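In: Could you work out the structure for the sequence below:
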Amino acid sequence: MKLYANVLGKGKPFIILHGFLGMSDNWKTLGKRFTDEGFEVHLVDQRNHGRSPHTEEFSYELMAQDIQEYCDKNNLKDIILLGHSMGGKTAMKTACEYPDLVEKLIIADIAPKYYAPHHQTILEGLTMLSNSELTSRGEADEKLEEYIKEWGVRQFLLKNLYWKEKGKLALRMNLEVLKEKVNEIGQALTSQDVYEGKTLFLNGGKSNYIKKEDKSLIKEHFPAAVLVTIKDAGHWLHAEKAGEFYQSVVKFIENV
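Out: Numbers count the residues shown, from 1 in each chain. Sure thing, here's the model as predicted:
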């Protein structure tokens, strides 16, 4: 599996993994900021997302293996690994499966527990777009607004649009497989999955993805974990409170 990645800067390897239905471009602004701290930032598209290959197979075990293979091919060692939402689950699994690869782990607004499927409306909206003859991004936004009222969420999803041919827009993700495998997105870590390295969990104060009662489960899998809440941020905490998110990550890397 040859993953696509946008590589920025020079220095210590820092891999960033996007969430479900996202892509590496979602992290470009923050990625550039992290290069100022002396990192070589790898913004990776996970399988079935962005410019990475489309496959019928889709699971956290496979996506963790993809990251290990990407690091092996690019001779990356002792990496900083950051993942948001689905990317956070991939990052957790990678650290547990390949602990010697990951020096420090950063998880954004996701816990190692099971989550019931909750993307149905978004997937319906994207299916509608996929079946439409779209000729402009504005038209796509208008159509998607019938399903998704939040402007920020629509803009996040519409980053997937590209010009497939002159005058015709299409979506980059492998929508059919992601719909078919949507139950995989919520899968919990197994009881054997443990990473004892330095770990930061960041959660949004307005998000319900990580709850107080999840702290003990986080500690079971990540005994060295530190939990930090970013106030007034929702699930897209890195976009809503980019400055605080950035500072929290840099402080953790430098001081722990």
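
In: going forward, measure contacts between C-alpha atoms and count neighbours the same way
Out: Fine.

In: and residue 168, what pLDDT?
Out: Residue 168 is assigned a pLDDT of 87 by the prediction.

In: Ok, residue 205 next?
Out: So residue 205 comes in at 96 (pLDDT).

In: so what pLDDT did the nearest residue to it once chain neighbours are set aside get?
Out: Spatial nearest neighbour of residue 205, chain neighbours left out: residue 231 (4.6 Å); criterion: C-alpha to C-alpha, 6 or more residues apart in numbering. On pLDDT, residue 231 comes in at 95.

In: what's the answer for the one 5 residues further on, then?
Out: Here the pLDDT value assigned to residue 236 is 91.

In: who touches residue 41 in this structure?
Out: Residue 41 makes contacts with 7, 8, 9, 10, 13, 14, 15, 16, 31, 32, 34, 35, as judged by C-alpha atoms under 8 Å, 6 or more residues apart in numbering.

In: returning to that earlier point: tell me who's in contact with the residue nearest to residue 205.
Out: 204, 205, 206.

In: For the residues you listed, pick the one with the most neighbours.
Out: residue 204 (25 neighbours; other C-alpha atoms under 10 Å).

In: and that one, how far is that from residue 230?
Out: Distance, residue 204 to residue 230, using C-alpha to C-alpha, to the nearest Å: 5 Å.

In: ok, now residue 81?
Out: 19 Å.

In: Of these two, which one has the most company?
Out: It is residue 81, of residue 81 and residue 230, that has more neighbours when counted by other C-alpha under 10 Å, with 28 against 20.

In: before we move on, which element is that one in?
Out: Taking DSSP states H and E as the criterion, residue 81 maps to strand 79-84.

In: Report the buried residues of that strand.
Out: Buried residues in strand 79-84, counted by 16 or more other C-alpha atoms under 10 Å: 79, 80, 81, 82, 83, 84.

In: tell me the contacts of the last one?
Out: Residue 84 sits next to 17, 18, 19, 107, 108, 109, 110 when contact means C-alpha under 8 Å, 6+ apart.

In: what's the burial count for residue 135?
Out: Neighbours around residue 135, by other C-alpha under 10 Å: 14.

In: Let me know the pLDDT of it.
Out: pLDDT, residue 135: 88.

In: Now do it against residue 168, distance only.
Out: Residue 135 is 5 Å from residue 168, where distance means C-alpha to C-alpha.

In: can you check residue 161 too?
Out: Relative to residue 168, residue 161 is positioned 10 Å away (C-alpha to C-alpha).

In: which one of these two has more residues nearby?
Out: Between residue 161 and residue 168, counted using other C-alpha under 10 Å, residue 161 has the larger neighbour count: 20 against 14.

In: okay, that one: pLDDT?
Out: So residue 161 comes in at 94 (pLDDT).

In: do the same with the one 4 residues further on
Out: In this prediction, residue 165 carries a pLDDT score of 87.

In: Residue 256 too?
Out: Looking at residue 256, its pLDDT is 62.

In: got it, and residue 150?
Out: Looking at residue 150, its pLDDT stands at 89.

In: which residues in the stretch 101-250 of the chain form strands?
Out: Assigned by DSSP state E, counting those that start in this stretch, the stretch 101-250 of the chain shows strands spanning 102-108, 161-165, 168-171, 198-204, 225-230.

In: what comes into contact with the last one?
Out: Among residues not part of strand 225-230, those counted as contacts by C-alpha under 8 Å, 6+ apart are 198-205, 218-219, 237, 241, 244-245.

In: Could I get the buried residue list for it?
Out: Going by neighbour count (16+ other C-alpha under 10 Å), the buried part of strand 225-230 is 225, 226, 229, 230.

In: Render the CA-only coordinates of it in PDB, please.
Out: Extracted in PDB, the C-alpha atoms of strand 225-230 (Å, rounded to 0.1, in the frame of the first residue of the first chain):
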ATOM      1  CA  ALA A 225      -1.400   9.100  29.100                       C
ATOM      2  CA  VAL A 226      -2.000  12.800  30.000                       C
ATOM      3  CA  LEU A 227      -5.500  14.200  29.300                       C
ATOM      4  CA  VAL A 228      -5.900  17.900  28.400                       C
ATOM      5  CA  THR A 229      -9.300  19.600  27.600                       C
ATOM      6  CA  ILE A 230      -9.400  22.500  25.200                       C
END
